[in-house]
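Enquirer: My questions are about this predicted structure, shown below with the sequence.
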Amino acid sequence: MRHLLSAEGLDLAAATAVLDTADSLKQALLGREVRKLPTLRGRTVVTMFYENSTRTRVSFEVAGKWMSADVVNVSASGSSVGKGESLRDTALTLSAVGADCVIVRHPASGAAHRLAGWLDGTGTCVVNAGDGTHEHPTQALLDAATLRDRLGELAGRRVAIVGDVLHSRVARSNVHLLTTLGAEVVLVAPPTLLPVGVDTWPVTVSHHLDAELPSLDAVMLLRVQAERMHGGFFPSAKEYSLAYGLNQARLRLLPEHAVVLHPGPMLRGMEIASAVADSPRAAITDQVRNGVHVRMAVLYHLLAGEEAVA
Amino acid sequence: MAPRERGATDPAGERELLTAGDVARTVARMAHQIIEKTALGAPSASKVVLLGIPTRGAPLARRLAAHIAEFSGVDVPTGTLDVTLYRDDLRRRPNRPLETTTLPAGGVDNRLVVLVDDVLFSGRTIRAALDALRDHGRPNAVQLAVLVDRGHRELPIRADYVGKNVPTARSEEVAVLLAETDGRDGVLLRRGPSREVTS
């Protein structure tokens, strides 16, 4: 693995390797006196976030620090980006300063891919931590890790992704990764929140949540991304919540073993009822916990091995 | 494949150093030595923990523990200690998959830890194991048991229990086979890839 730019680019072997490594790391750190591994000592990891984030940035930072890498955080505000420096120049600067890995979140879809092209030949690797409405591969990996914890192997499992698929990079990454891992994906959303070309995706599409719930092994709720919405995608928040929100009545329609996931940040009362988010069926804090191990695994696969011969 | 005489060299340049029977006797002898040297069962002695280093150290540790239980009646807890994340050659090799680490319930604090591995070569794996152990707690003492010591140490490390000392050339390869991982027991010496020996 040279960069991690998209879940679409991960084949079954690579995805399974990362998930297995994450499991081993989780188990290796369990109940230890010192929660730190020397594996990436002397490597420098830079997080470059052009969008707001709590869990992803902190999770990458903790992952890097637990592997003994030096982690430097750059945010768009407070750096030269505020003075008008381009993404390319910022990236080349970070590479020249000695970054072995740049973790980037950017509002433009494809930003991580462009970055990887510019940094080609510098030895700096790129991890996509979310680019616009395109992909967020480590989120999909941590979702898969959480589902594996609760359900075992994912082949043949049925997972619904519910809500704002149009604006969701989490949905795109999950569709690719879950399909690669052999799961069946159902997208449940109002027609206005489905992207053009969804019929070419390897998924089935439904507009009726209640009809899908009894056959699911997991349901993944997406946040309604008001910051990316310019126009009327649904009549009102209350109406959206009534049709697509997971409340307690709907929770009872799910099979006993089914898992509820949410990538966060949650809008309680909108796409998920507060009581559902706090129920033992929800694996939302497990997702955050697994996020650290999955990101450690990604850094291990990108940084620990011999330089790959390109 | 017909069983070969010990010491016989086949055309591929492979020589059997220990047969299945030799391996069994050697492991039994090492178990006796561990019982003796650690004063196992004596009231004043530290509690012993056997930690195998994956892959083949893990089944070796379990075999030693079974022999120790048979010979002395003391049940010695065993575990495995993966050292991959502590290696100093990570950047020189392709990525390695991680193995599991499982410590016995009592942990390693105030125990006498015996690390168990199949082959002792440069000593770098053991260095990594000592570092890994430090992150898991503070044993009273650490000892080392290896089935084969093939020389060529690069660090000041020696084993407390050695099944067999084998003088080797650096280019040669020592392969330990165990029924649990390889389908049969034995130790083979293979002539390495032909290359000039530099002194």
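Expert: Sure, I can see it. Residues are numbered from 1 along each chain as shown, chains lettered A, B, ... in the order given.
Enquirer: To which secondary structure element is residue 129 assigned?
Expert: If you meant another chain, say so; for now it's chain A. In this assignment (DSSP states H and E), A:Ala129 forms part of strand A:125-131.
Enquirer: actually it's chain B I care about, not the one you picked
Expert: In this structure, B:Ala129 sits in helix B:124-136 according to DSSP H and E.
Enquirer: For chain B, just list every one of the helices.
Expert: B:20-37, B:57-72, B:124-136, B:179-182 (DSSP state H).
Enquirer: so where's chain A uncertain?
Expert: For chain A, the stretches with pLDDT under 70 are A:306-310.
Enquirer: Residue numbers of it in contact with chain B?
Expert: With CB under 8 Å from any CB of the partner chain as the criterion, chain A meets chain B at residues A:17, A:20-21, A:24-25, A:27-28, A:32-34, A:36-39, A:300-301, A:304-307. Using the backbone N, CA and C atoms, a C-beta is placed for each residue, glycine as well.
Enquirer: buried subset of these?
Expert: By neighbour count, with 16 or more other CB atoms under 10 Å in any protein chain shown, the residues of chain A next to chain B hold A:Ala17, A:Thr21, A:Ser24, A:Leu25, A:Ala28, A:Leu37, A:Pro38, A:Thr39, A:Tyr300, A:His301, A:Ala304, A:Gly305 as buried.
Enquirer: Now, these that are in helices?
Expert: A:Ala17, A:Thr21, A:Ser24, A:Leu25, A:Ala28, A:Tyr300, A:His301.
Enquirer: just these now: which is nearest chain B?
Expert: The shortest gap between chain B and any of these belongs to A:Ser24, at 3.7 Å (CB to the nearest CB).
Enquirer: Please name the nearest non-neighbouring residue to the closest one.
Expert: Spatially, and ignoring its direct neighbours in sequence, A:Ser24 is nearest to B:Leu98 (3.7 Å; CB to CB, 6 or more residues apart in numbering or on different chains).
Enquirer: wait, doesn't that neighbour sit right on B:Thr80?
Expert: No. The criterion here is CB atoms under 8 Å, and B:Leu98 misses it with B:Thr80 at 11.7 Å.
Enquirer: Just want the most central residue of chain B.
Expert: B:Asp117 (1.5 Å; CA atoms, centre = their mean).
Enquirer: Strands along chain B, start to end?
Expert: B:14-18, B:48-52, B:78-80, B:112-120, B:141-149, B:161-165, B:173-177, B:186-190 (DSSP state E).
Enquirer: partners of the last one, with directions?
Expert: Read it as strand B:186-190. Sheet neighbours of strand B:186-190, with direction, are listed as strand B:14-18 (antiparallel), strand B:173-177 (antiparallel) (DSSP bridges).
Enquirer: quick one: which of those has the weakest pLDDT on average?
Expert: Across the strands paired with strand B:186-190, strand B:14-18 has the smallest mean pLDDT, namely a mean of 92.
Enquirer: Only C-alpha atoms, please: export that strand in CSV.
Expert: Extracted C-alpha coordinates of strand B:14-18, given in CSV (Å, rounded to 0.1, in the frame of the first residue of the first chain):
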residue,chain,number,x,y,z
GLU,B,14,19.4,-30.0,2.8
ARG,B,15,20.7,-31.8,5.8
GLU,B,16,18.6,-33.1,8.7
LEU,B,17,20.2,-32.0,12.0
LEU,B,18,17.5,-33.4,14.3
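Enquirer: I'd like to check the angle between that strand and helix B:20-37, please.
Expert: Angle of strand B:14-18 versus helix B:20-37, following axes from the mean of the first three to the mean of the last three CA atoms, to 10 degrees, is 40 degrees.
Enquirer: Tell me the buried residues in strand B:14-18?
Expert: Residues B:Arg15, B:Glu16, B:Leu17, B:Leu18 are the ones in strand B:14-18 that count as buried (16+ other CB under 10 Å).
Enquirer: The third one touches B:Arg190, doesn't it?
Expert: Translated: B:Leu17. No. Checked against CB under 8 Å, the pair B:Leu17 and B:Arg190 is beyond contact range at 10.4 Å.
Enquirer: Which neighbours do these two have in common?
Expert: B:Val174 (CB atoms under 8 Å, 6 or more residues apart in numbering or on different chains).
Enquirer: And for A:Ile49, the neighbour number?
Expert: Not Ile; residue A:49 is Phe. As a burial measure, A:Phe49 scores 20 neighbours (other CB atoms under 10 Å in any protein chain shown).
Enquirer: Please report how far it lies from A:Val298.
Expert: 17 Å (CB to CB, to the nearest Å).
Enquirer: got it, and A:Arg250?
Expert: Separation of A:Arg250 from A:Val298 (CB to CB): 34 Å.
Enquirer: Dihedrals phi and psi, the residue in the stretch 101-250 of chain A positioned nearest to chain B?
Expert: The minimum distance from the stretch 101-250 of chain A to chain B, using CB to the nearest CB, falls at A:Gly123 (11.8 Å). For A:Gly123, the backbone dihedrals (degrees, to the nearest 10) come out as phi 80, psi 0.
Enquirer: which ones are touching A:Glu85?
Expert: A:Glu85 sits next to A:Ser79, A:Thr93 when contact means CB under 8 Å, 6+ apart.
Enquirer: Under a three-state scheme, what state does it occupy?
Expert: coil (DSSP: H, G, I helix; E, B strand; the rest coil).
Enquirer: And it, how far from B:Asp182?
Expert: As judged by CB to CB, A:Glu85 and B:Asp182 stand 57 Å apart.
Enquirer: pLDDT weak spots in chain B?
Expert: Ranges of chain B meeting pLDDT under 70: B:1-12, B:193-199.
Enquirer: got the strands of chain B as a markdown table, with distance to A:Ala145 columns?
Expert: Formatted as a markdown table, the strands of chain B follow (distance: least, CB to CB, whole Å):
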| stretch | distance to A:Ala145 |
| --- | --- |
| strand B:14-18 | 42 |
| strand B:48-52 | 27 |
| strand B:78-80 | 22 |
| strand B:112-120 | 31 |
| strand B:141-149 | 34 |
| strand B:161-165 | 40 |
| strand B:173-177 | 34 |
| strand B:186-190 | 39 |
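Enquirer: Go through the ones you listed and name the closest to A:Ser241.
Expert: strand B:78-80 (50.1 Å; CB to CB).
Enquirer: circling back to that earlier point, after the strand holding A:Ala129, next one along is what?
Expert: The helix or strand immediately downstream of strand A:125-131 is helix A:137-151, counting by DSSP H and E.
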